[in-house]
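K.L.:
Quick one: sequence and predicted model below, then my questions.
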Amino acid sequence: MSSRMTRTGFLALAALAVAACSPAQQGKISPAPQGQIQILLQGVGGPPPPITNGSPFPVSGTVEVTGADGTTTVDVPNSAGGRTVQVPAGAYTVEVSEQGIADPFCSSAGPVQVGAGSTVTVTLTCNVP
């Protein structure tokens, strides 16, 4: 057998081995298990008389959800339902990065542990001057 024929046969076998081990041949690669964080953003206080007699009220703002994979910025509408974000299972910090009320102090949450298939509700409260 010539060395050219042997080398061609070796390369063909190597190509078959690589193809057999590729993810496409083994089935789809599953994404990381997902969970959800429901973010509620509320205000308390306000100029006299208090806007809602001391009861929390929905406010809008921008919230950062930070986990091992980085930070996701989420706009939370001015509604009682807030916003729900899908994230890989893991630990997260949730904090307000921007809020429409002048100089508010807003709470943060973390670490928040999110399990696969679960929804964790985080309520962030901003003191309204």
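P.N.:
Right, received. Where do you want to start?

K.L.:
What's the mean pLDDT across stretch 58-76?
P.N.:
Per-residue pLDDT values over stretch 58-76 give a mean of 88.

K.L.:
Not counting that stretch itself, show me its contacts.
P.N.:
37, 39-43, 77-80, 82-83, 85, 87-88, 90-101, 106, 110, 124, 126, 128 (CB atoms under 8 Å, 6 or more residues apart in numbering). Where C-beta positions appear, they are placed from N, C-alpha and C, glycine not excepted.

K.L.:
Now do the end-to-end distance for that stretch.
P.N.:
One end of stretch 58-76 sits 10 Å from the other (CA to CA, to the nearest Å).

K.L.:
For it, buried residues please.
P.N.:
Neighbour counts over stretch 58-76 (16 or more other CB atoms under 10 Å) mark 59-61, 63-67, 74, 76 as buried.

K.L.:
Next, the buried residues of stretch 121-129.
P.N.:
Result for stretch 121-129 [16+ other CB under 10 Å]: buried residues 122, 124-126, 128.
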